[in-house]
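**Student:** what shape does this take:
(one chain, ligands or ions: 1)
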Amino acid sequence: MQRPTGFQTSVQARRSELGRAQDCDSNRSPRVVVSVDFERRWGLHHRLGLDFDAYREHLENVEPVVSRLLQLFAARNIRATWAAVGALACRDWSEYFARAPRPPKYHNPGLAITRRYAELDLHGQLHFAPDLLRLVHASRGQELGTHTFSHILMREPGVTADDVTADLGAVAQLWRERFGAPPVSLVFPRNQVAFLPVIRSCGIRVWRGNEPGAHYDCNETSTNRPVARARRLLDAINPWARHAGALEGDMTRASLFLRTNLPAGAWALHCARIRNELDSLRHPRVFHIWWHDHNLGGDMPKRLARVEQVLDMVAERCQRGVLVSQCMGDLLERSAFVSTEAQHVRE
Ligand SMILES: [Zn+2]
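**Tutor:** Residues are numbered from 1 along each chain as shown. Below is the predicted model:
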């Protein structure tokens with residue numbers, strides 16, 4: 001078979017680019033979704049316990065991290081879902097304890113929020129961020145989703161449907177008061193997917209699922225073993241892995257957890273994986289990339305620069321019209337989202 005010349009290749013590439021640009025016009029573009037699990041210490045208390053010195057720099061830097069991320073997103077027209085722990089919107093511990101439902105009766109009592117945290121973080125600087133949530137809510141293209149009110153771990157033994165209903169009810173109430181409408185997008189804490197009929201009855205319209213593969217579906221304390229963690233790391237730096245997937249009902253599957261802490265060689269492979277995923281993306285698949293607020297709090301300038309590098313890859317392709325940037329709520333049928341869209345995503 002005759003090999004195409006450089007010119008033919010570039011014409012073919014341009015044609016295919018134009019073809020994809022036309023797809024954009026007909027709303028059939030491949031999509032990139034970003035979600036940020038915004039949780040401060042709520043997402044880590046089960047690991048850190050009463051040690052308030054551990055991981056402190058990461059948690060204290062959440063404020064500059066969030067401000068900078070909002071700037072990076074705005075400069076590139078990147079839309080994102082902020083899956084925020086509801087408690088972050090509280091002003092202080094007294095408001096938290098007034099609003100929070102009774103914790104689930106976890107078989108492992110160390111998973112429940114304890115009043116000791118309030119004594120050890122008296123002013124709540126590691127736990128609350130009402131001004132940052134207001135800032136996210138006021139920012140163009142940013143959706144305020146939820147990560148439950150108290151970061152409840154739904155697959156741990158002892159959690160009931162009533163616990164989930166009460167927790168999501170507390171978020172809905174607070175979001176209505178502060179932001180005008182309840183959230184429609186959910187990220188399950190520790191990616192422990194459970195109680196789907198219950199979360200749907202609480203108003204959740206779209207949720208983030210795990211990456212494909214059994215080693216992504218073992219997030220309970222009892223199953224998250226080193227072998228599964230090692231396999232996930234290998235996937236992250238495998239340039240040939242492809243985890244983008246189409247929306248499955250009301251689930252958008254995660255494609256990649258962004259690992260800004262990798263050593264330089266592994267980071268280059270991670271970027272190659274992202275670049276290859278973006279370049280091979282076709283409708284109806286969605287490339288869904290996510291990380292936590294606190295992941296960027298240590299070694300902050302370097303990690304934020306790495307996020308910028310990835311966002312540039314996405315933005316450059318969006319500008320060429322071969323991809324579109326969306327938040328989780330954008331994935332819903334327009335008719336299903338239209339009633340709450342105005343409150344949740346600033347256009
Ligand atoms: Zn979390």
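**Student:** which residue packs closest to the closest residue to the ion within the stretch 1-150 of the chain, ignoring adjacent ones?
**Tutor:** Closest approach between the stretch 1-150 of the chain and the ion, counting by Cβ to the ion: Gly43, at 3.4 Å. To be clear about C-beta, it is placed using only N, CA and C from the backbone, and glycine gets the same treatment. Distances taken as Cβ to Cβ, 6 or more residues apart in numbering put His151 closest to Gly43, at 5.3 Å, once the chain neighbours are dropped.
**Student:** give me the three-state assignment for that neighbour.
**Tutor:** At His151 the chain is in coil, as set by DSSP: H, G, I helix; E, B strand; the rest coil.
**Student:** cool, the one 5 residues further on as well?
**Tutor:** The three-state assignment at Glu156 reads coil, by three-state DSSP.
**Student:** where does the stretch 151-300 of the chain get nearest to the ion, residue-wise?
**Tutor:** Pro189 (4.6 Å).
**Student:** helices of the stretch 201-347 of the chain, start to end?
**Tutor:** 226-236, 264-279, 300-319, 334-344 (DSSP state H, counting those that start in this stretch).
**Student:** still on that earlier bit, isn't the residue of the stretch 151-300 of the chain closest to the ion right up against Thr146?
**Tutor:** No. The pair Pro189 and Thr146 fails to qualify as a contact (Cβ atoms under 8 Å) at a distance of 10.2 Å.
**Student:** who's more crowded, these two?
**Tutor:** Just comparing Pro189 and Thr146: by other Cβ atoms under 10 Å the higher neighbour count belongs to Thr146, 29 against 24.
**Student:** distance of the more buried one from Ala181?
**Tutor:** 12 Å (Cβ to Cβ, to the nearest Å).
**Student:** what touches both of those two?
**Tutor:** Common neighbours of Thr146 and Ala181 are listed as Trp175 (criterion: Cβ atoms under 8 Å, 6 or more residues apart in numbering).
**Student:** in the stretch 101-250 of the chain, where is pLDDT below threshold?
**Tutor:** In the predicted model of the stretch 101-250 of the chain, residues 219-223 satisfy pLDDT under 70.
**Student:** rerun that using 90 as the cut-off
**Tutor:** Where the stretch 101-250 of the chain drops to pLDDT under 90, the residues are 212-229.
**Student:** in contact with the closest residue to Val33 other than its chain neighbours, which residues?
**Tutor:** Using Cβ to Cβ, 6+ apart and skipping residues adjacent in sequence, the residue nearest Val33 is His288, 4.4 Å away. With contact set as Cβ under 8 Å, 6+ apart, His288 has these partners: 32-35, 208, 244, 252-256.
**Student:** dump those residues into a markdown table; add distance to the ion and neighbour count as well.
**Tutor:** Formatted as a markdown table, these follow (distance: Cβ to the ion, whole Å; neighbours: other Cβ atoms under 10 Å):
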| residue | distance to the ion | neighbour count |
| --- | --- | --- |
| Val32 | 22 | 27 |
| Val33 | 17 | 27 |
| Val34 | 16 | 26 |
| Ser35 | 11 | 23 |
| Arg208 | 11 | 24 |
| Ala244 | 22 | 21 |
| Thr252 | 17 | 25 |
| Arg253 | 17 | 19 |
| Ala254 | 13 | 22 |
| Ser255 | 18 | 24 |
| Leu256 | 17 | 21 |
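**Student:** strands - which of the residues you listed land there?
**Tutor:** Judged by DSSP state E, the contacts of His288 include 32-35, 208, 252-253, 256 as members of strands.
**Student:** which residues touch stretch 116-125?
**Tutor:** Counting by Cβ under 8 Å, 6+ apart, 41, 45, 50, 52, 60, 90, 92-93, 96-97, 127 sit against stretch 116-125.
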